[in-house]
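A.B. asks: Based on what follows, work out the 3D shape:
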Amino acid sequence: MRLTATMLLKKPALDGGPMTQSADFDAATTEGLAGAAPALLLCEHASAEIPAEFRELGLPPETRFSHAAWDPGALTLSRHLSAAMGVPLVFGAVSRLLYDCNRPPEAPDSVPEKSEIHEIPGNRGLSPEARADRANRIYHPFCAAVDAAMEAARPAALITVHSFTPVYFGKHRPVEIGVLHDTDTRLADALLAELEGAPYRIERNQPYGPADGVTHSLKRHAIARGLPNVMLEVRNDLLADPARAADVAALLARTLPAALGRMPGTAGAAP
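C.D. replies: Reported below is the predicted structural model:
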């Protein structure tokens, strides 16, 4: 089953801002929802799409489709894992430069004026009302899509999927796969144990960690429900190479169900 956020959110804005009833773009898409599932996948930064009304945020071509706008390769990896594990997937349908659905509305970088070295002209000097409008049209519908998938699938765990750039602020990042967590380390611990000996440089809470604000989705959608959870970060040069991307996907499709099987009361996903 494929659902869009427009189908799920038909109500006034949550904070008194503009109405969300007639949004002309979807903030999220749900795929593979077919009853109960052992886990739910999220891919918040799946898309570089910027609806025409935002005039590409005034971005130059070198920024428009760069890693600043989205997580290259993350959606393809997420879809592979969804199919291989037999679990549903909710993914963001617009660029994180419009609104980063892995940040709460009060976070300054939920609508960033600058991302790494990239200036975002269309986000500069926005009024509180304009920022609230972005949240009402993107963040709240995205969360509604996740909540609906949680209600339908009753997953026992949450897995979020991201990619990261090999070079950040001019510095090379040697880590290849990051296994991230916040206060609940259960699934991350189990996955790291399953990944031991894998032919990649795999590190805990790298290249980001909770102090960077990247675990919002884990806290909002999993920790608040008491669900085991983990955030995956895969260096995007691995995902840009078809052979290595296939190898990473196969590795995670094998180790994630095994890690889920280590969780009390959680059955591993389909092989």
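A.B. asks: where exactly do the strands run in the stretch 1-150 of the chain?
C.D. replies: 3-4, 28-31, 40-43, 89-92, 114-115, 118-119 (DSSP state E, counting those that start in this stretch).
A.B. asks: which residues touch the fourth one?
C.D. replies: The reference is to strand 89-92. 27-32, 40-47, 75, 78-79, 81-82, 101, 142, 145-146, 149 (Cβ atoms under 8 Å, 6 or more residues apart in numbering). Just so you know, the C-beta spots here come from the backbone N, C-alpha and C atoms, and that holds for glycine as well.
A.B. asks: same thing but at 7 Å, please
C.D. replies: Here strand 89-92 makes contact (Cβ atoms under 7 Å, 6 or more residues apart in numbering) with 27-32, 40-47, 75, 78-79, 82, 101, 142, 145-146, 149.
A.B. asks: Can you tell me how far the closest residue to Ala68 other than its chain neighbours is from Val179?
C.D. replies: Spatial nearest neighbour of Ala68, excluding adjacent residues (Cβ to Cβ, 6 or more residues apart in numbering): Ser115 at 4.1 Å. To Val179, Ser115 is 24 Å away according to Cβ to Cβ, to the nearest Å.
A.B. asks: Quick check: which helices or strands does the helix or strand containing Leu252 pack against?
C.D. replies: Counting by DSSP states H and E, the element that carries Leu252 is helix 242-261. Packing partners of helix 242-261 (3 or more Cβ pairs under 7 Å, 6 or more residues apart in numbering; DSSP states H and E): helix 74-85, helix 186-195, helix 236-240.
A.B. asks: So for Ser115 and Val179, which sits in the more crowded spot?
C.D. replies: Val179 (22 against 18; other Cβ atoms under 10 Å).
A.B. asks: So that one: helix, strand or coil?
C.D. replies: strand (DSSP: H, G, I helix; E, B strand; the rest coil).
A.B. asks: For it, give me its contacts.
C.D. replies: Ala188, Leu191, Leu192, Ile202, Arg204, Val230, Leu232.
A.B. asks: what's the pLDDT at it?
C.D. replies: With respect to pLDDT, Val179 scores 99.
A.B. asks: same deal with Ile117?
C.D. replies: pLDDT, Ile117: 79.
A.B. asks: Spatially nearest residue to it, not counting backbone neighbours?
C.D. replies: Going by Cβ to Cβ, 6+ apart, Ile117 has Phe169 as its nearest residue, at 7.0 Å.
A.B. asks: Okay, that neighbour and Glu62: tell me how far apart.
C.D. replies: For Phe169 relative to Glu62 (Cβ to Cβ), the value is 16 Å.
A.B. asks: do Ser110 as well
C.D. replies: Using Cβ to Cβ, Ser110 is found at 23 Å from Glu62.
A.B. asks: For those two, indicate the residue with more neighbours.
C.D. replies: Counted by other Cβ under 10 Å, Ser110 and Glu62 do not tie: Ser110 has more neighbours, with 21 against 9.
A.B. asks: wait, the more buried one sits on Leu98?
C.D. replies: No: the criterion here is Cβ atoms under 7 Å, and Ser110 misses it with Leu98 at 10.1 Å.
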